[in-house]
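[1] Dropping a prediction and its sequence here:
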Amino acid sequence: MSIEVELPDGSILEVDENATVEDVAYEIGTGLGDDTVAGKINGELVAKEEKISDGDEIEIVTDQSDEYVEVLRHSTAHVFAQALKRIYGDEVRLTIGPWTDEGFYYDIDGVDLDEDDFEEIEEEMQEIIEEDLDIEREKLSREEAEDFFEDNEYKREILEEEASEGDTVSFYKQGGFKDLCKGPHVESTGEVGGFKLLEIAGAYWRGDEEKEMLTRVYGTAFPTQSELEEFLEKKKEAEKRDHRKIGKEMDLFSIPEHSPGCVHVHPNGMKIRRELEDFIRDKNERLGYTEVRTPELNKADLWKKTGHYEAFKEEGEMFAWEQNEEEYGLKPMNCANHSHIFKSQERSYRDLPIRLSEFGNVYRNEQSGELSGLMRVRGMTQDDGHAYIRDDQIQEEVERTLDIIAEMYDEFDFDITFKLETKPGKAQGPDNLWENAEESLEDALKEKDAEYEINEGEGAFYGPKIGVMVEDAIGREWQLGTVQLDFVIPRNYGLTYTGKDNEEHHPVMIHRAILGSLERFMGVMIEHFEGDFPTWLAPEQVRILPVTDENVDYAEKVKDELNDFRVEIEDRSWTVGKKIQAAHDDNLPYMLILGDDEEEAGEISVRDREENEDRGFSVEEFREALREEVEEKRIEPDFLQ
Ligand SMILES: [Zn+2]
Ligand SMILES: [Zn+2]
């Protein structure tokens with residue numbers, strides 16, 4: 001008997017019904033068969049020994065594939081585990097050790113590790129790599145496996161759950177070390193070219209706060225030492241720019257334990273945020289949006305009508321609870337409430353587009369382990385907007401929105417690309433509407449000559465999305481803004497307008513956000529500028545440094561003349577040198593240094609954060625230049641350049 005599988009180029013290959021991934025590779029060519037490290041079955045990375053089924057989509061992974069590094073990292077996790085066993089013996093109990101985007105981690109129990117132990121463990125790992133041990137897959141019977149893990153209740157639990165199928169289970173063996181594992185792995189420990197243990201954290205078994213607290217060790221690995229070094233360099237740069245660190249230093253925001261994933265914006269952060277809001281209000285006005293305000297708290301019935309309930313509640317992503325015998329929730333999106341406003345009046349074809357915008361506070365129940373500063377939160381403010389339009393207005397509306405988005409990111413000096421995200425598993429609505437929607441978005445991208453990638457299956461439940469991908473100063477990509485097309489919610493929620501033909505029609509809905517969430521945008525922006533905000537955004541734009549206490553009155557006078565800007569006087573009795581240092585530490589775009597000479601001449605000396613300094617300016621010329629710099633939203637303070 002033979003079965004058919006599909007290859008990445010869309011071709012169909014006929015193979016024996018007992019074939020493995022490796023057999024498929026040999027079927028394609030002997031060279032490929034010999035080079036096979038692992039495979040992908042329907043997108044899932046698997047061992048080359050994995051059996052395939054009729055209709056599977058198969059990809060072959062060699063050491064030239066993007067996935068190779070993931071395989072290598074998982075093998076490095078095994079090297080780590082083997083080193084621990086060599087050092088600590090049976091005391092250490094291994095649990096799970098998967099690869100991650102940046103490396104791998106291993107959760108262990110039984111020994112108390114701290115980062116001081118890394119050196120010894122790394123030396124042992126290096127030893128294992130130099131021994132160049134073959135990594136071999138072997139099958140054990142269920143009884144053998146259970147005996148093997150007699151003293152390890154975690155592995156026995158895995159045997160009962162994830163690995164409960166089949167009479168045998170797969171292990172991987174390297175030298176004297178053996179572990180339950182479905183793979184894949186590289187061929188020998190010697191393939192690890194560069195690795196490093198990075199940090200230690202606590203992690204609950206199964207991510208469940210009721211269960212045991214384990215020790216999680218993070219590490220990373222690469223095929224070569226130079227790739228490792230490049231990674232570590234980038235990581236160091238990223239740590240220096242970490243928005244959580246800068247946010248604290250500049251007193252911008254906090255995320256205290258009493259509100260996990262929910263941001264407290266401090267006065268300095270709020271100054272930046274208000275500038276961003278004004279900026280977006282201006283863009284929205286140009287796009288024809290009018291601002292609304294809708295409640296966070298709603299009855300769950302609302303989302304049952306729009307379809308959000310099915311998409312969010314059932315995946316546990318929505319905060320919802322019962323009270324007074326009613327189910328309530330916090331809105332996970334603003335679409336339902338805006339649609340209520342659309343529905344509150346009779347609408348005719350002449351009224352469309354109707355465009356509603358809101359700085360909407362939404363809540364999503366992200367898992368606590370997923371939360372990360374401003375980048376991944378539970379409570380966020382979207383610069384959200386919904387346009388209700390006719391079929392014939394789609395193209396123009398999407399293109400206009402993309403134009404404004406591109407213009408806005410350009411003003412921040414960000415490079416952007418787009419992702420077209422298509423129909424997901426939880427999609428609602430008929431196929432033909434999805435096809436139309438995907439086509440319309442793609443047409444708009446083509447019309448703009450935009451650079452875009454297609455992300456299959458990543459769309460929203462109601463329609464495909466264009467995601468705006470932003471590259472920051474050190475080359476990392478973030479998804480921020482979005483434009484989405486929706487034929488589903490207007491039908492679910494019964495939105496209609498009267499057409500020219502006097503019949504009732506469903507409008508098309510465009511969901512869009514320019515910045516995305518203000519929280520994430522702030523996080524990305526803080527790291528992009530490393531706290532050196534453009535003057536128009538800086539919480540404090542100018543700091544006046546009187547040379548002695550005698551000059552404070554003059555400083556007050558100069559401050560009054562600059563009252564359109566955010567100006568403070570440094571009145572601590574410090575030396576000028578110390579005052580300048582403090583202003584640099586606070587990332588001040590401009591400092592005005594005022595001593596007796598300046599006071600007598602009625603002038604100012606100006607210093608900027610690039611350490612340019614010059615004297616003999618009038619307050620008026622500085623003020624006018626500053627006004628222009630702020631109005632034009634220039635990225636760098638350029639008065640002295
Ligand atoms: Zn493994
Ligand atoms: Zn929406």
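    Arrived safely. Ligands and ions are numbered 1, 2, ... in the order given.
[2] For the residue in the stretch 51-200 of the chain that ligand 2 sits nearest to, give me the pLDDT.
    Closest contact between the stretch 51-200 of the chain and ligand 2, by C-beta to the ion, is at Asp101 (28.1 Å). Bear in mind the C-beta positions are built from the backbone N, C-alpha and C, glycine included. Asp101 carries a pLDDT value of 87.
[3] Check the gap between it and Glu477 for me.
    12 Å (C-beta to C-beta, to the nearest Å).
[4] the more surrounded of the two?
    Glu477 (12 against 6; other C-beta atoms under 10 Å).
[5] Next to ligand 2, which bits of this protein? Give me the list.
    Cys335, His511 (C-beta under 5 Å from the ion).
[6] Can you give me the domain boundaries for the chain?
    2-61, 68-239, 260-529, 542-631 (automatic domain parsing).
[7] ends of the longest one, how far apart?
    It refers to domain 260-529. Using C-alpha to C-alpha, to the nearest Å, one end of domain 260-529 lies 26 Å from the other.
[8] Let me see the mean pLDDT of it.
    In the prediction, domain 260-529 has an average pLDDT of 93.
[9] quick one: that domain to chain centroid distance?
    16 Å (C-alpha atoms, centre = their mean, to the nearest Å).
[10] all strands of the stretch 251-400 of the chain, in order?
    253-254, 264-265, 290-291, 297-299, 320-323, 326-330, 354-363, 379-389 (DSSP state E, counting those that start in this stretch).
[11] List of residues touching the fourth one?
    Read that as strand 297-299. Glu326, Glu327, Tyr328, Gly329, Leu330, Lys331, Ala336, Asn337 (C-beta atoms under 8 Å, 6 or more residues apart in numbering).
[12] how about the strands in the stretch 1-150 of the chain?
    Using DSSP E, counting those that start in this stretch, strands in the stretch 1-150 of the chain cover 2-6, 12-16, 38-41, 44-47, 58-61, 93-94, 104-109, 135-141.
[13] Tell me how many other residues surround Asp449.
    Asp449, neighbours per other C-beta under 10 Å, totals 6.
[14] residues in contact with it?
    Contacts of Asp449 (C-beta under 8 Å, 6+ apart): none.
[15] Is it in a helix, a strand, or coil?
    coil (DSSP: H, G, I helix; E, B strand; the rest coil).
[16] quick one: it from Leu420, how far?
    14 Å.
[17] Repeat that for His185.
    35 Å.
[18] Test my guess that Asn455 contacts Lys423.
    No - judged on C-beta atoms under 8 Å, Asn455 makes no contact with Lys423 at a distance of 11.0 Å.
[19] more neighbours, the two?
    Higher neighbour count among Asn455 and Lys423: Lys423, with 20 against 17, using other C-beta under 10 Å.
[20] tell me which element that one falls in.
    Using DSSP states H and E, Lys423 maps to neither a helix nor a strand.
[21] Most neighbours of all the contacts of strand 297-299, which one?
    Lys331 (24 neighbours).
[22] contacting residues for that residue?
    Applying C-beta under 8 Å, 6+ apart to Lys331 gives the contacts Thr294, Pro295, Glu296, Leu297, Asn298, Asn337, Gly360, Asn361, Val362, Tyr363.
[23] buried residues in stretch 547-557?
    Val547, Asn551, Tyr554, Ala555 (16 or more other C-beta atoms under 10 Å).
[24] With neighbour numbers in mind, choose between His185 and Leu420.
    Using other C-beta under 10 Å as the criterion, His185 and Leu420 rank with His185 on top: 24 against 21.
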